[in-house]
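J.: below are the sequence and a predicted model; questions follow.
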Amino acid sequence: MTNASEDCIRLVGDKVILRPWKSEDKRSLIENGNNYKIAINLRNQFPYPYTEQSADEWLNFVTSLTCTERLYLAIEVDEKAVGGIAISFGNDVHDCTAELGYWLGESYWNRGIMTEAVVLLRNDWTILDLTPTRRDLTCQHHDCSQHGTCLIGKCFCQVDYDGIDCERISYQPKRKSCIDNNDDTCFIHPIYGIGQVPAKRWKAALKTERSVWSTQSNDRWNDHLAGFDHYKTLPNDLGEMIEMGCGPFTQTLSILRLPKKKVNITKLTLWDPNANDYIKRVKYCSYKNGSLIGFSSIPTTIVSAPSEDMNIYLNAFDTILMINVLEHVQNAFQILQNLYNSLRPNGILIFGERWWDYMFNTEKYGGDVLHPIHIKYYVWKWFTDHFEPIYDARNHQSYSKYGHNGSYFIGRKRKVKFV
C-alpha cells in the first residue's frame, strides 16, 4: 500500500490542488487552522485554539492512512496547505451516504478557492468504491484459501498449491535457492507462468523502472500504434477512461494525437505507482502540470499507487487502457480482476500484453529485474475470453521483432452468468 503522504491522488484545478496531507504541512496547518471564525462553523472535533499538539494528532492520523482508506485532502494554494476537504461515510443504515466537509484559512476567503475545491472533489470522488456493501460477484464462491487469487470465477493458485480454492499443498520439491525466494524460477507455476511475486521482488523492479524512464522521451508509441492499426476500430466515444501503468508519457496521448481520428474522453485517470516520481524527475513527462500536454480541457486525476490498490473501484470506467503493464506488477491476477471489476458493462478494454510460454520451454530462463511477471498464454486467454473482440492482432510485428509473443486486443466486456 502507498502511504497517503506520498500524494497517491492529486486533483489539480486552476486555483487549487487537492492532495493528501503531509507532515511538512504542520506550520501552515497551525497558521491557517488557529482561527475562531473557522472553528465556530465546524463540528467540535475541530479544535480551538489549534495548537501544535492538535496539528501533530491530525497529521499522524491522516498520514497513516492508505490510498484506499482516506479521502482527507489538503487544499494547496501557492505550494502551502491552507485548508482541508474530506468525505466521510455513514454507518449501518447510512453506509451508502456520504458527507462533504471543508475549511479554509481566512486569508484565502472570497477568492473562489473553496468553490473550485468542492467541484474538483465532487467530480472525482464518485469513481471510488468505498462503500462496504458492494461485492465482487465473479468471485463470491471462492476465497482461494489465501494461497491464490480469484480471477473471474477461478482461483489462480500460488506455486506449491492446487485445488478449486488452492486448499491443497502440491508438495512439489523446492530447490535450495527457493527457501529465501531470491530466484525468479521459484515463482514459476507450470500452467500460469509467473503471475505473482513477493513485494521485495516487485519493489526492485519498480526502482529499476524509475531509472529506465529517466532517459526516455516516449513509450514506443510507434510500435503500439502499429500494433493497434492506429486504433481504426476503436470507438470514438471513450467516456470516462483510465490508463493503468501509464508511465511518464502515457499511451492515451498517442491516441489523442491521431491525425485521422477524433476521440472523446469526458474524464481521464492516469494511474502509475511511480507517477509522482515521473512528474518530478522525468523531463518529458506528459502530465507534469496535472493534465496531458495539449489536452488540459480533459478533467484529469493522477493516482500514484500500486495497481493492486485499484480494487476500490467498481463499474467506474467506460474505457480501460493498459499496454505492456502486467509484466511490471506484483500480482497479475489481482490486476486483471481489478480491471474487470472497474470496467462498466459493455465497457471497452484496450489491452496490449505479452505471453512468455517460450521462455519456460528452455533451460536458459533467467531473472529479468525489470519484468518480474511472465504470464503464459493460458492466463491471457482466460481473461480476454470474457470480452467480445473488436480487434485482436496476435504476434504482431511490434512484438515479434523483439522475439516476443503477444496480442494487441480491443474488446467489450461481456456479461457473466452467475450460478
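T.: Looks like it arrived, so ask away. Numbering: from 1, shown residues only.

J.: neighbours of the nearest residue to Ser170 once chain neighbours are set aside, how many?
T.: In this structure, Ser170 finds its nearest non-sequential neighbour in Asp162, 4.8 Å apart by C-beta to C-beta, 6 or more residues apart in numbering. Using the backbone N, CA and C atoms, a C-beta is placed for each residue, glycine as well. When counting by other C-beta atoms under 10 Å, one arrives at 21 neighbours for Asp162.

J.: next: Gly33.
T.: When neighbours are counted by other C-beta under 10 Å, Gly33 comes out with 26.

J.: Ile302 - that's part of a strand, no?
T.: Yes: counting by DSSP: H, G, I helix; E, B strand; the rest coil, Ile302 is found in a strand.

J.: and it, what does it touch?
T.: Contact analysis of Ile302 by C-beta atoms under 8 Å, 6 or more residues apart in numbering lists Ile9, Arg10, Val12, Thr269, Leu270, Trp271, Ala275, Ile279, Tyr287, Gly290.

J.: rerun that using 7 Å as the cut-off
T.: For Ile302, the contacting residues are Arg10, Leu270, Ala275, Tyr287, Gly290, by C-beta atoms under 7 Å, 6 or more residues apart in numbering.

J.: max pairwise distance over the residues you listed: which two?
T.: The largest separation in those, counting by C-beta to C-beta, is between Ala275 and Gly290 at 11.0 Å.

J.: helix or strand: which one has Lys381?
T.: Element membership of Lys381 [criterion: DSSP states H and E] is helix 377-384.

J.: buried ones in that helix?
T.: Residues of helix 377-384 classed as buried under the neighbour-count rule (16 or more other C-beta atoms under 10 Å) are Tyr377, Tyr378, Val379, Trp380, Trp382, Phe383, Thr384.

J.: stretch 405-415 now?
T.: Using 16+ other C-beta under 10 Å as the test for burial, stretch 405-415 gives Asn405, Gly406, Ser407, Tyr408, Phe409, Ile410, Gly411, Lys413.

J.: so where's the longest strand in this protein?
T.: strand 343-355 (DSSP state E).

J.: show me where pLDDT drops low in the stretch 151-300 of the chain?
T.: Counting by pLDDT under 70, the ranges of the stretch 151-300 of the chain that qualify are 171-182, 214-215, 217-218.

J.: right, and the residue nearest to Ser170 touches Cys155 too?
T.: No: taking contacts as C-beta atoms under 7 Å, Asp162 lies outside contact range of Cys155: 9.3 Å.

J.: quick one on the thing from earlier: following the helix holding Lys381 in sequence, what is the next regular element?
T.: Helix 377-384 is succeeded, C-terminally, by strand 387-394 (DSSP H and E).

J.: helices and strands around that next one, which ones?
T.: strand 405-413 (3 or more C-beta pairs under 7 Å, 6 or more residues apart in numbering; DSSP states H and E).
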